[in-house]
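Engineer: Next input, structure requested:
(one chain, ligands or ions: 1)
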Amino acid sequence: MRLFDRFSDRPGGVFPYSSFCEKKLMETWFNETFGDIQAGWRITEILHRSKSAYQEILVVNTIEFGRMLVLDGCVMTTDKDEIAYHEMLVHPALLAHPNPHDICVVGGGDGGTMREVLRHSIVRRGVLAEIDGDVITVCQEFFPKLADCLTRDKRCELAVGDGFQYLREHPGQFDVILSDSTDPVGPGAALFDDDYFKLAKDALKPGGIFVTQCKSLWTDVKTAIEIEVRLRKYFALVLPYVSTIPTYPTGSWSFMFASDGIDPRTQFDARRQEEICGSSNYYTAAHQSGAFAVPAFYEKSKVKK
Ligand code: SPD
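Structural biologist: Numbers count the residues shown, from 1 in each chain. Here you go, the predicted structure:
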């Protein structure tokens, strides 16, 4: 699909006070198509378009959600609802780990996940293993609230390159690994494979925790179950959880939490949680267990397999 195909002009009504003027207002929309569903956001401006060595990078200004980062036609993040993704990818795991000192984020070049990681004062080192340096550069310009931490916080280390390779070269180093990838299609698919999950497990210290973003349970319950089953080969406890992310397909998104036994719903540091909740805009204390209440059809779909 050509980049231009993602935009459409639609008649949006008539000019106010237009009884003598038939001219229609034209609205420009950015559309994302996923399977048989299409979502659209009315935009005012295309702020950036480029093609990196890995993907098409697009930044538009939407009316409802502010700036929107789009990679290869898929919405990655927006000014307004980024909190629902980044806070929920990070806090359940970091609060569950008793000593999260060394953290690795795989992907996440926009910086949002790392920003949340670095809000935990207990963190000593946050490594961002992002394959596409252009995403970092573009986000530093258009999403400073997300990306500023990548250069301003001394605890953050940028490892621009293949996350797969990075984990292979750093066995036993991390307390928590967070996989902030694109979707499990095309280049992102490798970050949902057996080999990658094994590498992640090996790159963790004993007792380490791994979390990956997953899919919408409404459209991809089978894929989510497959990812859970794959993770179970390497982790004793694997739990799906969900967040409401309006600009992601279906508006409801899942994550997989994986540990050797730490259960985030009951084992977490309440003192650190209080500190995080004080400055969070999405995550609340109730999410630490409540987010793990996934729809009944998730378990039932396993039986049907
Ligand atoms: N379908 C969208 C999934 C995108 C997950 N990664 C988003 C990156 C935001 N830091």
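
Engineer: Next one: residue 105 from residue 128, what distance?
Structural biologist: Distance, residue 105 to residue 128, by C-beta to C-beta, to the nearest Å: 5 Å. (C-beta placed from N, C-alpha, C; glycine too.)

Engineer: can you list residues touching both of these two?
Structural biologist: Shared contacts of residue 105 and residue 128 (C-beta atoms under 8 Å, 6 or more residues apart in numbering): residue 114.

Engineer: near the ligand, which residues of the stretch 51-200 of the chain show up?
Structural biologist: Selection of the stretch 51-200 of the chain residues close to the ligand by C-beta under 6 Å from any ligand atom yields 74, 76-77, 85, 108, 110, 112-113, 180, 182-183.

Engineer: In TSV, list the residues you listed along with secondary structure and distance to residue 93.
Structural biologist: Converted to TSV, these look like this (DSSP: H, G, I helix; E, B strand; the rest coil; distance: C-beta to C-beta, whole Å):
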residue	secondary structure	distance to residue 93
74	strand	24
76	strand	20
77	strand	19
85	helix	14
108	coil	14
110	coil	19
112	helix	15
113	helix	11
180	strand	12
182	coil	20
183	coil	21
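
Engineer: from the residues you listed, which is closest to residue 161?
Structural biologist: Among these, residue 108 lies closest to residue 161 (C-beta to C-beta), at 13.8 Å.

Engineer: Would you check that the closest one makes contact with residue 177?
Structural biologist: No - the pair residue 108 / residue 177 is not scored as a contact, 11.4 Å apart, by C-beta atoms under 8 Å.

Engineer: longest single strand anywhere in the protein?
Structural biologist: strand 37-51 (DSSP state E).

Engineer: now that strand: how far from the chain's centre is it?
Structural biologist: 19 Å (C-alpha atoms, centre = their mean, to the nearest Å).

Engineer: any residues touching the next helix or strand after that strand, and which ones?
Structural biologist: Downstream of strand 37-51, the next assigned helix or strand under DSSP states H and E is strand 56-62. Taking contacts as C-beta under 8 Å, 6+ apart, the residues outside strand 56-62 that touch it are 3, 6, 30, 41-51, 67-73, 78, 132, 134-135, 138, 142.

Engineer: Give me the buried entries from these.
Structural biologist: 3, 6, 30, 41, 43, 47-48, 67-73, 78, 132, 134-135, 138, 142 (16 or more other C-beta atoms under 10 Å).

Engineer: Now, the residues you listed that are in helices?
Structural biologist: Using DSSP state H, the members of those that fall in helices are 134-135, 138, 142.

Engineer: who in the stretch 201-305 of the chain is up against the ligand?
Structural biologist: Where the stretch 201-305 of the chain comes near the ligand, counting by C-beta under 6 Å from any ligand atom, the residues are 213, 248-249.

Engineer: which stretches of the stretch 201-305 of the chain aren't confidently modelled?
Structural biologist: 304-305 (pLDDT under 70).

Engineer: got any ranges where the stretch 1-150 of the chain has weak pLDDT?
Structural biologist: In the stretch 1-150 of the chain (pLDDT under 70), the answer is 1-5, 10-26.

Engineer: now do 80
Structural biologist: Residue ranges of the stretch 1-150 of the chain with pLDDT under 80: 1-27.

Engineer: CA atoms of stretch 295-305 as PDB?
Structural biologist: Presented in PDB, the C-alpha positions along stretch 295-305 are these (Å, rounded to 0.1, in the frame of the first residue of the first chain):
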ATOM      1  CA  PRO A 295     -12.900 -11.600  29.300                       C
ATOM      2  CA  ALA A 296     -14.200 -15.100  30.000                       C
ATOM      3  CA  PHE A 297     -14.000 -16.000  26.400                       C
ATOM      4  CA  TYR A 298     -10.200 -15.900  26.600                       C
ATOM      5  CA  GLU A 299     -10.000 -19.100  28.800                       C
ATOM      6  CA  LYS A 300     -13.000 -20.700  27.000                       C
ATOM      7  CA  SER A 301     -11.200 -20.200  23.600                       C
ATOM      8  CA  LYS A 302      -8.400 -22.400  25.000                       C
ATOM      9  CA  VAL A 303     -10.800 -25.200  25.500                       C
ATOM     10  CA  LYS A 304     -12.200 -24.900  22.000                       C
ATOM     11  CA  LYS A 305      -8.700 -25.100  20.400                       C
END
